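Peer 1: need coordinates for the following:
(chains A and B)
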There are 2 protein chains.
Amino acid sequence: MRIAVDAMGGDFAPRAPIAGALAALRRLPETHRIQLVGQGAVIEQELAACWAEEPGAEARERSRLEVVEAPEVIGMADRPSVALRGKVNSSMVVGVRRVADGLADAFVSAGNTGAQMAASLAHLKLLPGLSRPAIGTVFPTAGAPVLVLDAGANMDCSAEELVQFARIGTVYARALLGRANPAVGLLSVGEEPEKGNLAVKDAHKRLLAAGLNFVGNVEGRDLPRGACDRGPIDVVVCDGFTGNVILKFYEGLAAMLIGRIAAAAGADAAAVGRAMADVDPDEHGGAPLLGVRGVSIIAHGKSSPRAVANAILVAVRAWESGMTAELEARLAEGAAQAAREGAA
Amino acid sequence: MRIAVDAMGGDFAPRAPIAGALAALRRLPETHRIQLVGQGAVIEQELAACWAEEPGAEARERSRLEVVEAPEVIGMADRPSVALRGKVNSSMVVGVRRVADGLADAFVSAGNTGAQMAASLAHLKLLPGLSRPAIGTVFPTAGAPVLVLDAGANMDCSAEELVQFARIGTVYARALLGRANPAVGLLSVGEEPEKGNLAVKDAHKRLLAAGLNFVGNVEGRDLPRGACDRGPIDVVVCDGFTGNVILKFYEGLAAMLIGRIAAAAGADAAAVGRAMADVDPDEHGGAPLLGVRGVSIIAHGKSSPRAVANAILVAVRAWESGMTAELEARLAEGAAQAAREGAA
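Peer 2: Below you'll find the model as predicted:
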């Protein structure tokens, strides 16, 4: 497998993506190779610095790395449209295009999320049956992890888009989380169908008829326990505004509470933090942009080398699971069923 | 001061509100009296049970208690409209009307939130200059507590309503949290003004011109630390859907993490929980319905006696602070300023 990594993307680039790529290589089989996309001279300098700290590493790793020249850099504050008009020779656009052109099997970036979405939509294209892609994020819970989508790709969502997220999430939870019949919950403010904002109330009705394992509305309190009163939850559907707010709230709250609770318990915060590694966002690393034809993994702008390495492992699992083809097949099935029902 | 308490409201009524009222009486000066509103026979029976456990309490407390007969009960699953047409002799409606009629200074209920909002709007009335009331909830943070509003009264909010919440929150933070010049943040998915959903992006522009101490967008991660990169935050404004989701998420996550972290630290979860009492929702007890002419405190449906007692203390602070009159004066000032600017 060939993974293209945006060497210039993220608050700590080029160090974090390049060190993260090397860390991932050390955890992946020999058959996995990484393409570092960006300014060649910068990348070589950073590689040299990383290898200087690990005697013998260069000899083992050089042959599994390729440097792909991309002279331009999209900044974190650039508008997404710069990926379409403007910096078309940026590491972001060149990296996504390698997947589109079959030169790489997946792309990972900690750079500008809006630009990555725009480039992925333009070059990888949406799967038929979808109007928007979604960012799928795995939340650690007291039970099994739960997939939350959308975690930030779409700010204002229609009811139909929420239903599409439920379909996408079902395939992801089956392919990547190993859930046989994923239970899908709709995030709302009460379990009753009439609770929620306008889009959620409408989506609730549509989800009842969507042929999914829809368990009804779930509330904010259900997410940390990975279950609602009707049983475990595998997928939680929400608009990208709400999803992004709770994702970042989770990160901030976990860090705050670990520090305070460790102090209250008379324990060392770092030791407690290590025992709680699964609630550390770096541990999850990357969130796939779901619904495009190809694997495009969005890592946090503040990604550490460890977070980038984990994002690369997410890319490997996404590609090896055949998730994209599976999603396309399921969406086609859904469309055929809708057509039959329309004709009947 | 006279506080009307809904004796029939909440999942654990009548025990929780009645035991909570007695607990509050024991913490309040002699001059504070409580009116228990509900079915007289049920209330007397519960009072007798509570007093049986505390020898001598009846003699001290009976004179500070009044039982106000209200034969009907609004259930947790009743539609809000039942408060307007239908159960007008319910404890909820009778309790709110006592405030409207000047027979009580505040009302506290752990009952049906929608019904409490409907009754409060109908009988207490909105203050001039507002189109909706908001539920204000105090979130514990690593720094000083932060007021979040709306926490669940309004599911779909316009930009103008978000600005109203900012005005309401500013008065509350000054009157009840003692903040001299409250810093108001707008909850979004990034600090840049162009980040957010449609209502948030529009509200950002309006807030820049609202004459408040608006510090810009804040993210989910800023809430637990009570600060953004520009400094401390006193008030966070959001729609009631997002606010309710994060409030319940906070409750669930705190409980989950306290258990897990205590285990990781080899400590007793109950002991850690006691040391973390400020993140316990029971400790905050009640959230005022802000923007109506009178004090109406919404307690959690699952309120324990301790939570009800704390909600009563919130009612006392809200009334003693003169918050409602202060809010009315500030809204009138804002309207006068807008009129002058319109005329200029």
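Peer 1: for A:L65, give the beta-bridge partners.
Peer 2: A:L65 forms beta bridges with A:I34, as assigned by DSSP bridges.
Peer 1: equivalent analysis for the one 4 residues further on, please.
Peer 2: Taking DSSP bridges as the rule, A:E69 bridges to A:G38.
Peer 1: these two touch, right, it and A:G40?
Peer 2: Yes. A:E69 is within contact range of A:G40, at 4.9 Å (criterion: Cβ atoms under 8 Å). Quick note: C-beta positions are derived from backbone N, CA and C, even for glycine.
Peer 1: need phi/psi at whichever residue of the stretch 1-150 of chain A sits closest to chain B.
Peer 2: Relative to chain B, the nearest point of the stretch 1-150 of chain A is A:A142 (4.8 Å; Cβ to the nearest Cβ). A:A142 has phi and psi values of phi -70, psi -20 when expressed as degrees, to the nearest 10.
Peer 1: ok, now which ones touch it?
Peer 2: A:A142 sits next to A:224-226, B:256, B:259-260 when contact means Cβ atoms under 8 Å, 6 or more residues apart in numbering or on different chains.
Peer 1: repeat that for A:F107.
Peer 2: A:F107 sits in contact with A:3-6, A:95-96, A:98-99, A:120, A:294-297, A:315, where contact means Cβ under 8 Å, 6+ apart.
Peer 1: look up how far chain B lies from A:V189.
Peer 2: 4 Å (Cβ to the nearest Cβ, to the nearest Å).
Peer 1: re earlier: from B:L149, how far off is the residue of the stretch 1-150 of chain A closest to chain B?
Peer 2: Distance, A:A142 to B:L149, using Cβ to Cβ, to the nearest Å: 29 Å.
Peer 1: likewise for A:G190?
Peer 2: 19 Å.
Peer 1: same question, A:F12
Peer 2: 36 Å.
Peer 1: between those two, which is the more surrounded one?
Peer 2: Under the criterion of other Cβ atoms under 10 Å in any protein chain shown, the comparison of A:F12 against B:L149 puts B:L149 first, with 32 against 18.
Peer 1: tell me who's in contact with that one.
Peer 2: Residues counted as contacts of B:L149 (Cβ under 8 Å, 6+ apart) are B:134-137, B:165, B:168-169, B:172, B:235-238, B:243, B:290.
Peer 1: can I get those in TSV with pLDDT and distance to chain A?
Peer 2: Formatted as TSV, the contacts of B:L149 follow (pLDDT from 0 to 100; distance: Cβ to the nearest Cβ, whole Å):
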residue	pLDDT	distance to chain A
B:A134	96	14
B:I135	95	11
B:G136	94	16
B:T137	93	12
B:F165	97	16
B:I168	94	20
B:G169	96	17
B:Y172	91	22
B:V235	98	16
B:V236	98	10
B:V237	98	13
B:C238	98	8
B:G243	97	9
B:L290	95	18
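Peer 1: what number of residues lie near A:G178?
Peer 2: A:G178: 11 neighbours (other Cβ under 10 Å).
Peer 1: near chain B at all, the longest helix belonging to chain A?
Peer 2: When chain A is scanned for its longest helix (criterion: DSSP state H), the result is helix A:240-264. Yes. Interface with chain B: helix A:240-264 contributes A:240-242, A:244-262, A:264 (Cβ under 8 Å from any Cβ of the partner chain).
Peer 1: so which of the contacts of B:L149 belong to helices?
Peer 2: Short answer: these in helices (DSSP H) are B:165, B:168-169, B:172, B:243.
Peer 1: show me which pair in those residues is furthest apart.
Peer 2: B:Y172 and B:G243 (14.2 Å; Cβ to Cβ).
Peer 1: the two: who's more crowded?
Peer 2: Between B:Y172 and B:G243, counting by other Cβ under 10 Å, B:G243 is the more crowded of the two (30 against 26).
Peer 1: ok, that one touching B:G152?
Peer 2: Yes. With contacts counted by Cβ under 8 Å, B:G243 reaches B:G152, the gap being 6.2 Å.
Peer 1: shared neighbours of the two, anything?
Peer 2: What both B:G243 and B:G152 touch, as defined by Cβ under 8 Å, 6+ apart, is the set B:I135.
Peer 1: show me what the host helix or strand of A:R97 is packed against.
Peer 2: Here A:R97 sits within helix A:91-100, counting by DSSP states H and E. Under the contact criterion of 3 or more Cβ pairs under 8 Å, 6 or more residues apart in numbering or on different chains; DSSP states H and E, helix A:91-100 touches strand A:2-6, strand A:33-38, strand A:65-69, strand A:106-109, helix A:113-123, strand A:295-299.
Peer 1: of these, which stretch is the most buried?
Peer 2: Of the helices and strands packed on helix A:91-100, the one with the most neighbours on average (mean count of other Cβ atoms under 10 Å in any protein chain shown) is strand A:106-109, at a mean of 32.
Peer 1: near chain B, which residues of the stretch 1-150 of chain A? Just list them.
Peer 2: Counting by Cβ under 8 Å from any Cβ, the stretch 1-150 of chain A sits next to chain B at A:77, A:141-142.
Peer 1: now render those as CSV, adding pLDDT.
Peer 2: What follows is the residues of the stretch 1-150 of chain A next to chain B, written out as CSV (pLDDT from 0 to 100):
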residue, pLDDT
A:A77, 86
A:T141, 89
A:A142, 86
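Peer 1: which one of those is nearest to A:P29?
Peer 2: Distances from A:P29 to the residues of the stretch 1-150 of chain A next to chain B, taken by Cβ to Cβ, are shortest for A:T141, at 30.4 Å.
Peer 1: now for the closest one, how many residues are close by?
Peer 2: Residues near A:T141, counting by other Cβ under 10 Å: 21.
Peer 1: wait, it sits on A:P224?
Peer 2: Yes. Look at A:T141 against A:P224 with Cβ under 8 Å: they come within range, at 5.8 Å.
Peer 1: what's the overlap in contacts for the two?
Peer 2: Common neighbours of A:T141 and A:P224 (Cβ under 8 Å, 6+ apart) are B:M256.
Peer 1: ok, A:D105 - contacts?
Peer 2: Counting by Cβ under 8 Å, 6+ apart, A:D105 has contacts A:1-3, A:99, A:295, A:319.
Peer 1: ok so, going back, export the helix holding A:R97 to PDB, keeping only CA atoms.
Peer 2: Output in PDB follows, covering the C-alpha atoms of helix A:91-100 (Å, rounded to 0.1, in the frame of the first residue of the first chain):
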ATOM      1  CA  SER A  91       1.200  19.600  -1.300                       C
ATOM      2  CA  MET A  92      -2.500  19.400  -0.400                       C
ATOM      3  CA  VAL A  93      -3.800  19.400  -4.000                       C
ATOM      4  CA  VAL A  94      -0.900  17.300  -5.400                       C
ATOM      5  CA  GLY A  95      -1.400  14.700  -2.600                       C
ATOM      6  CA  VAL A  96      -5.200  14.400  -3.200                       C
ATOM      7  CA  ARG A  97      -4.600  14.100  -6.900                       C
ATOM      8  CA  ARG A  98      -2.200  11.200  -6.500                       C
ATOM      9  CA  VAL A  99      -5.100   9.200  -5.000                       C
ATOM     10  CA  ALA A 100      -7.400  10.400  -7.800                       C
END
